[in-house]
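Colleague: task: produce atomic coordinates for the following.
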Amino acid sequence: MFNLTRNAWKKGSALVLSLALGAALAGCGSGDASQNTAAPASAENKPAQAADKVLTVYTAGPEGLANKLIEEFQTQSGVKVEMFQGTTGKILARMEAEKANPVADVVILASLPSAQGLKNEGLTLAYPEAKNADKLNKDWSDSEGHYFSTSASALGITYNTKLVTTPPTSWSDLAKPEFKNQVNIPDPSLSGSALDFITGYLSDKREGGWSLFEQYKANGAAMAGANQEALDPVITGAKSVVVSAVDYMTYKAKAKGEPIDIVYPQEGTVISPRPAAILKSTKHEENAKAFIDYLLSDSAQRLVSDAALLPGRTDVKAENRANLDEIPLLTTDWAWMGEHGPEVTDQFTKLFK
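Modeller: This is a model prediction of the structure:
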């Protein structure tokens, strides 16, 4: 089962290719709604009306933010939302398991290449007329309306302030002797943002970029699960640094008083957009479109900012964190990243295992 899940994520969104074969068999977006079939014949329209007020969302986002977004959308729309929250890898694996009977109406991923893959496989429903779509960062969203990056995070170096007195300023600093056996890096087969960082770094440096990761390995860096699993030992002091750390997690933990901080290396880093897409197999198209409209609304974008994420809209500024114009960026090629994701994941995991 582990191999199936890992292989599914390695292939990015291609893992759900066979979803297209099961689209015609798609069930209702909510388990409760799908069981609501016992109404008398005289009220045969009532189950359909009830089903129309449901939506199933799979989201790879901060759980607190996801709960607030769902709660506000339900209050505004009267639509009942069933939510599955997990990493991008877990979401794609769940979609693979459900390919014969797709459940999700909308997915929110933490990896742009995965959303691009869903579009390329014909599994997304275009919604070019989405409200406020014209205000989104055009580099993060689809021009034809197949996915909308409503938020983003930047990847940096998070360090324990009690253990690191001189913060690193370059990715290469972590290969120095003072960081021997003290560095964690998330597993790209589990973390979409880690895969974005690794492929993004390689898309800028190309083949020469592998030398950095080889130096990390030689210096005792450890591949440590998904993002939170990599971060927790740094919070507790068991390790001193996370490379490819998701910045909003650091900002939130720091705000709670944890002894950590983050730096963005001077040579640049990678932004990891968080795209939302409507699946073509949805049985609740209007509700799904309403949810996308909500995610792009003023109120939802304020919640994104409050959660220490970068808003997807260019006219909304983040609070209590670095904004996009304050973060040095590598020159990333998202098409290259998506194309080479599987082989990069293979090579990286073999290097660190």
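Colleague: relative to the longest strand seen in the chain, what are the paired strands and their orientations?
Modeller: With secondary structure taken from DSSP state E, the chain has its longest strand at strand 148-160. Note on strand 148-160: by DSSP bridges, its sheet partners are strand 241-246 (antiparallel), strand 260-263 (antiparallel), strand 271-278 (antiparallel), strand 310-311 (antiparallel).
Colleague: other residues contacting stretch 71-79?
Modeller: 53, 54, 55, 80, 81, 287, 290, 291, 294, 299, 300, 303 (C-beta atoms under 8 Å, 6 or more residues apart in numbering). Every residue, glycine included, has its C-beta placed from N, CA and C.
Colleague: ranking those by neighbours, who comes first?
Modeller: Counting neighbours by other C-beta atoms under 10 Å, residue 55 comes out on top of the contacts of stretch 71-79 with 28 neighbours.
Colleague: picking that back up, quick check, nearest of the contacts of stretch 71-79 to residue 174?
Modeller: Proximity of the contacts of stretch 71-79 to residue 174 (C-beta to C-beta) peaks at residue 303, which lies at 33.5 Å.
Colleague: closest to residue 163 out of the strands paired with strand 148-160?
Modeller: Of these, nearest to residue 163 by C-beta to C-beta is strand 241-246, at 8.4 Å.
Colleague: right, and the helix or strand after that closest one?
Modeller: Following strand 241-246 in sequence order, the next helix or strand is helix 247-255 (DSSP states H and E).
Colleague: let me see the mean pLDDT of that next one.
Modeller: Looking at helix 247-255 alone, the average pLDDT works out to 95.
Colleague: count of neighbours near residue 332?
Modeller: Residues contacting residue 332 under the criterion other C-beta under 10 Å number 22.
Colleague: what sits against residue 259?
Modeller: Counting by C-beta under 8 Å, 6+ apart, residue 259 has contacts 160, 161, 162, 235, 237.
Colleague: turn these into CSV, columns for pLDDT, distance to residue 223 and neighbour count.
Modeller: Output for the contacts of residue 259, formatted as CSV (pLDDT from 0 to 100; distance: C-beta to C-beta, whole Å; neighbours: other C-beta atoms under 10 Å):
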residue, pLDDT, distance to residue 223, neighbour count
160, 98, 19, 21
161, 98, 24, 13
162, 98, 24, 10
235, 98, 18, 20
237, 97, 20, 12
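Colleague: orientation of the longest strand of the chain relative to helix 247-255 in degrees?
Modeller: Relative orientation of strand 148-160 versus helix 247-255 (axes from the mean of the first three to the mean of the last three C-alpha atoms, to 10 degrees): 50 degrees.
Colleague: buried sites along strand 148-160?
Modeller: 148-160 (16 or more other C-beta atoms under 10 Å).
Colleague: which two from these end up farthest apart in space?
Modeller: Of all pairs in those, the most separated under C-beta to C-beta is 148 and 160 at 35.9 Å.
Colleague: which parts of the stretch 51-200 of the chain are helices?
Modeller: 63-77, 88-97, 112-120, 192-205 (DSSP state H, counting those that start in this stretch).
Colleague: coming back round to it: in strands only, show me the contacts of stretch 71-79.
Modeller: Those of the contacts of stretch 71-79 mapping onto strands are 54, 55, 80, 81, per DSSP E.
Colleague: hang on, the earlier thing: could the contacts of stretch 71-79 go into a markdown table alongside distance to residue 113 and pLDDT?
Modeller: A markdown table is the format used below for those (distance: C-beta to C-beta, whole Å; pLDDT from 0 to 100):
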| residue | distance to residue 113 | pLDDT |
| --- | --- | --- |
| 53 | 34 | 92 |
| 54 | 30 | 97 |
| 55 | 25 | 98 |
| 80 | 32 | 97 |
| 81 | 26 | 97 |
| 287 | 27 | 97 |
| 290 | 27 | 98 |
| 291 | 23 | 98 |
| 294 | 25 | 98 |
| 299 | 29 | 97 |
| 300 | 24 | 98 |
| 303 | 26 | 96 |
